[in-house]
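Asks: coords below, sequence missing:
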């Protein structure tokens, strides 16, 4: 008998006891074991302590008849590391939101600043912010949540474009190691934002990650740095030569119409023993900082070209004049233009994790993916489009990211699962109504159909309403 079934049998036969909380009559779904049945869930001390076919007694109860009870969603790519964004993430079923692409620096200071969060948090140590500290003396902590004027000031530095000397590369390595010692979950790279980082620099830092047995999370180089396939080939070649575990972020926006080719490359690497994974968000538009190096190749285009860009504070599509204006001003811009057929195909792939790449809502409107990614997959692509099954979708949001993280953060072995002994991080939703409501003109609209969300057994969303005055989020730390 499987360990889970033994625990389930024990829970079903256990003598009556009072749990802190009982979830009654919910359709319990656990992607790891395949459990999909009506059960009663007992929670004590922040853990799941019983899953029973028979009713349980608790000091508090949640009636979940007609609702799905699932592990809380784990977002590997959440730039919204702030209280405003956390509230929208919780309403989307997210119980753990991590900054794994850009990362942070210094790590210890950032972790301290996030204490008292609504949901769980954590980050890699960021190559980009560490480079900014080394070469420009700028302590970013977390770049995406900087005020817009401070983000714009970054353009005046040299960290994005400067070729590192041998001494600087040695110092950079030491800085990244310090971040790992302070609890970072790996090393994060945004190569399209640091075109000055040579291929030798990145190879050496991959080797550093491998020597510390931590994964790297990476935004591959931009189209103007060897093309899409060349960017993926760099990461896969480095992973093969160093043995590092690698996770490629938002393969949809990095691949566009070459997604079938790049995912085939990743799968081929996996078949040959490489530990390489990837993710995507379910929207046809992307978003990034308009002042960043990503837009260096967007000079001297036509007004029609700039119409792909949308400015969230006003909703306007850009022109040559407004592109220049906002690039000098700095801020987040939405980039339209990808194909929905390809977008649906990527979303339906069972080995591509769901991750939002959510932009912070701290200073105003932003891309809707930070508020609606998970509900959009469940409502639009599972229920309306029937592009993938509910269980497969849940696995992409819970089990797969938990497994991706477990090597660097053993605590994640208790998350992403709905089993006795697992953490009571739970998303309880109505499968008939779950859907994103955020839009490109009003990106901060909460999702619908998410009824209850628990973080460590504490309700942060109850009867569809955010609970005030609770802060159960805890830091997810890497092995030091």
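Replies: On my side now, so go ahead. Owing to the predicted nature of the structure, the values given are computational and were not obtained by experimental measurement.
Asks: Could you list the low-pLDDT ranges of the stretch 1-150 of the chain?
Replies: The stretch 1-150 of the chain contains residues with pLDDT under 70 at 1-16.
Asks: If we use 90, what do you get?
Replies: Along the stretch 1-150 of the chain, segments meeting pLDDT under 90 span 1-18, 138-141, 147-150.
Asks: where along it do the strands fall?
Replies: Under the criterion DSSP state E, counting those that start in this stretch, the stretch 1-150 of the chain contains strands at 18-19, 21-30, 35-44, 47-52, 57-58, 61-63, 68-71, 73-75, 94-104, 120-126.
Asks: Looking at those, which is nearest to residue 381?
Replies: strand 73-75 (14.6 Å; Cβ to Cβ). Yep, even glycine has a C-beta here, placed from its N, CA and C like the rest.
Asks: follow-up on the earlier one: which among the strands of the stretch 1-150 of the chain is found nearest to residue 347?
Replies: strand 73-75 (14.8 Å).
Asks: How far does that closest one sit from its chain's centre?
Replies: 6 Å (Cα atoms, centre = their mean, to the nearest Å).
Asks: Direction included, what does that strand pair against?
Replies: strand 94-104 (parallel) (DSSP bridges).
Asks: now the strand it pairs with and strand 120-126, what's the angle there?
Replies: Interaxial angle, strand 94-104 versus strand 120-126 (axes from the mean of the first three to the mean of the last three Cα atoms, to 10 degrees): 20 degrees.
Asks: Run a quick neighbour tally on residue 153.
Replies: Here the count is done by other Cβ atoms under 10 Å, and residue 153 has 15 residues near it.
Asks: How is it classified with respect to secondary structure?
Replies: The three-state label given to residue 153 by DSSP: H, G, I helix; E, B strand; the rest coil is helix.
Asks: Then residue 477?
Replies: With three-state DSSP as the basis, residue 477 sits in coil.
Asks: got a list of what it touches?
Replies: 111, 122, 183, 185, 409, 411 (Cβ atoms under 8 Å, 6 or more residues apart in numbering).
Asks: Quick check: the gap between it and residue 117.
Replies: 14 Å (Cβ to Cβ, to the nearest Å).
Asks: Tell me which stretches of the stretch 201-350 of the chain form strands.
Replies: Under the criterion DSSP E, counting those that start in this stretch, the stretch 201-350 of the chain contains strands at 216-219, 246-248, 276-280, 286-289, 309-311, 316-317, 332-335.
Asks: Turn these into JSON lines, including distance to residue 323, mean pLDDT and mean neighbour count.
Replies: Shown next, in JSON lines, are the strands of the stretch 201-350 of the chain (distance: least, Cβ to Cβ, whole Å; pLDDT from 0 to 100; neighbours: other Cβ atoms under 10 Å):
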{"stretch": "strand 216-219", "distance to residue 323": "22", "mean pLDDT": "98", "mean neighbour count": "28"}
{"stretch": "strand 246-248", "distance to residue 323": "28", "mean pLDDT": "98", "mean neighbour count": "26"}
{"stretch": "strand 276-280", "distance to residue 323": "27", "mean pLDDT": "98", "mean neighbour count": "25"}
{"stretch": "strand 286-289", "distance to residue 323": "13", "mean pLDDT": "96", "mean neighbour count": "24"}
{"stretch": "strand 309-311", "distance to residue 323": "7", "mean pLDDT": "98", "mean neighbour count": "21"}
{"stretch": "strand 316-317", "distance to residue 323": "10", "mean pLDDT": "96", "mean neighbour count": "14"}
{"stretch": "strand 332-335", "distance to residue 323": "9", "mean pLDDT": "96", "mean neighbour count": "24"}
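Asks: Of those, which is nearest residue 86?
Replies: strand 332-335 (17.7 Å).
Asks: same for that closest one, what does it pack against?
Replies: With contacts taken as 3 or more Cβ pairs under 8 Å, 6 or more residues apart in numbering; DSSP states H and E, strand 332-335 sits against strand 286-289, strand 309-311.
Asks: Near residue 479, how many other residues are there?
Replies: Residue 479: 14 surrounding residues under other Cβ under 10 Å.
Asks: so what's the backbone phi/psi at it?
Replies: Dihedral angles phi and psi of residue 479 (degrees, to the nearest 10) take the values phi -70, psi 130.
Asks: ok, and the residue nearest to it when sequence neighbours are not counted, which helix or strand is that part of?
Replies: In space, residue 479 comes closest to residue 408 once its chain neighbours are excluded; the distance is 6.3 Å by Cβ to Cβ, 6 or more residues apart in numbering. Using DSSP states H and E, residue 408 sits in no helix or strand.
Asks: Verify the stated contact: residue 408 with residue 187.
Replies: No. If you go by Cβ atoms under 8 Å, residue 408 and residue 187 don't touch, sitting 10.2 Å apart.
Asks: coming back round to it: for residue 426, which of the strands of the stretch 1-150 of the chain is the nearest?
Replies: Using Cβ to Cβ as the measure, strand 68-71 is the one of these that comes nearest residue 426, at 6.2 Å.
Asks: for the nearest residue to residue 105 once chain neighbours are set aside, what are its contacts?
Replies: Distance criterion Cβ to Cβ, 6+ apart; nearest residue to residue 105, sequence neighbours excluded, is residue 129 at 4.0 Å. For residue 129, the contact set (Cβ under 8 Å, 6+ apart) comprises 102-105, 140-143.
Asks: what's the distance between residue 129 and residue 160?
Replies: Distance from residue 129 to residue 160, by Cβ to Cβ: 11 Å.
Asks: Which of the contacts of residue 129 ranks first by neighbour count?
Replies: residue 105 (33 neighbours).
Asks: partners of it in the sheet?
Replies: residue 141.
Asks: is it true that it touches residue 134?
Replies: No. With contact defined as Cβ under 8 Å, residue 105 does not reach residue 134; the gap is 9.4 Å.
Asks: Is residue 200 in a helix, a strand, or coil?
Replies: Strictly by three-state DSSP, residue 200 counts as helix.
Asks: pLDDT score assigned to it?
Replies: Per-residue pLDDT puts residue 200 at 97.
Asks: Check the one 4 residues further on too.
Replies: In this model, residue 204 is scored at 98, pLDDT.
Asks: Can you tell me the element the spatially closest residue to it that is not a sequence neighbour falls in?
Replies: For residue 204, ignoring the flanking residues on the chain, the nearest one in space by Cβ to Cβ, 6+ apart is residue 169 at 6.5 Å. Element membership for residue 169 (DSSP H and E) is helix 166-181.
Asks: Tell me the gap between the helix or strand following that helix and the middle of its chain.
Replies: Going down the chain from helix 166-181, the next helix or strand is strand 187-190, by DSSP H and E. The chain centre lies 13 Å from the centre of strand 187-190; the measure is Cα atoms, centre = their mean.
Asks: now stretch 195-214
Replies: On Cα atoms, centre = their mean, the centre of stretch 195-214 falls 22 Å from that of its chain.
Asks: hang on, the earlier thing: gap between the residue nearest to residue 204 and residue 405?
Replies: For residue 169, the distance to residue 405 - Cβ to Cβ - is 28 Å.
Asks: Those two: which has the busier surroundings?
Replies: Remark: of residue 169 and residue 405, residue 405 carries more neighbours, 27 against 18, as counted by other Cβ under 10 Å.
Asks: Is the residue nearest to that one when sequence neighbours are not counted in a helix, a strand, or coil?
Replies: Nearest residue to residue 405, sequence neighbours excluded (Cβ to Cβ, 6+ apart): residue 412, at 4.1 Å. Following three-state DSSP, we place residue 412 in the helix state.
Asks: All good on my end, thank you.
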